[in-house]
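Peer 1: here are the coordinates; sequence isn't available:
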């Protein structure tokens with residue numbers, strides 16, 4: 001059975017969730033009216049030849065962790081298309097909501113031939129690259145980090161969100177562990193993919209603290225906070 005976390009225990013691990021805490025005051029003072037997700041520090045999957053660890057930025061310098069444990073406080077799906085398949089500059093077409101492309105060819109992503117499997121230059125996958133950004137609040141931090149999930153990790157992320165929904169649990173009402181697994185493509189090249197599991201669930205009162213934090217930091221309580229327009233800058 002999953003551990004349940006009460007508000008007191010939650011605030012001990014995440015002091016910024018207390019509305020009148022010094023950490024929340026620092027967030028208000030430094031960020032003013034709100035934070036744009038594009039401004040968050042980013043965490044990417046490591047390259048296949050690198051150690052199997054996340055590199056997390058911090059004031060004292062980056063640290064490595066085999067898994068990330070925290071609360072997902074928001075997310076956004078996006079798409080970007082580069083004709084060569086390489087993220088070498090601004091994309092020719094970009095969909096910040098993964099639904100409507102801006103640029104060439106533009107238009108609805110669902111009907112776009114570049115979003116169909118098999119359209120990639122190598123004949124596998126999609127020419128228009130999909131990604132999901134998770135905004136994860138880590139213990140002891142006052143502002144989330146942005147975790148970029150490349151196409152190979154999207155299925156696992158979506159299945160995890162569905163699993164939470166099946167349990168009647170909002171994603172911000174769970175403590176999530178994001179790990180790393182090695183995988184091999186059909187051509188023999190290796191890559192890393194993200195794994196997901198629920199480490200604990202928040203009691204209703206604790207989940208309300210997280211939802212209030214989401215509203216305070218991003219300016220609204222919706223699942224997909226506004227203001228991120230730079231998903232095209234990463235390829236992982």
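Peer 2: That came in fine, so what should we check first? Only a predicted model underlies this, so the values are computations on that prediction, with no experimental measurement involved.
Peer 1: show me where this protein has strands.
Peer 2: With DSSP state E, the ranges of strands along the chain come out as 3-5, 42-43, 54-56, 63-65, 68-81, 93-95, 100-103, 107-108, 128-137, 145-149, 174-184, 190-202.
Peer 1: ok, and what's touching the last one?
Peer 2: Put plainly, it is strand 190-202. With contacts defined as Cβ atoms under 8 Å, 6 or more residues apart in numbering, strand 190-202 is touched by 2-5, 10, 45-48, 52, 69, 71, 147, 149, 152-153, 156-157, 159-160, 163-164, 169, 173-185, 210. To be clear about C-beta, it is placed using only N, CA and C from the backbone, and glycine gets the same treatment.
Peer 1: What of the second one?
Peer 2: Contacts made with strand 42-43 from outside it, assessed by Cβ under 8 Å, 6+ apart, are listed as 54, 55, 56, 57, 68, 136, 145, 146, 147, 148, 234.
Peer 1: Of these, keep whichever come out buried.
Peer 2: Among these, those scoring as buried are 54, 56, 68, 136, 145, 146, 147, 148, 234 (criterion: 16 or more other Cβ atoms under 10 Å).
Peer 1: In CSV, list those residues along with distance to residue 39.
Peer 2: Supplementary listing: the buried ones among the contacts of strand 42-43 in CSV, determined by distance: Cβ to Cβ, whole Å:
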residue, distance to residue 39
54, 20
56, 17
68, 19
136, 15
145, 11
146, 9
147, 15
148, 15
234, 15
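Peer 1: pretty sure residue 10 contacts residue 206?
Peer 2: Yes. Taking contact to mean Cβ atoms under 8 Å, the distance of 4.4 Å between residue 10 and residue 206 places them in contact.
Peer 1: hmm, back to that, and of the strands of the chain, who's closest to residue 218?
Peer 2: Residue 218 lies closest, by Cβ to Cβ, to one member of those: strand 68-81, at 6.2 Å.
Peer 1: which neighbours does the closest one have in its sheet, and in what orientation?
Peer 2: strand 93-95 (antiparallel), strand 128-137 (antiparallel), strand 174-184 (antiparallel) (DSSP bridges).
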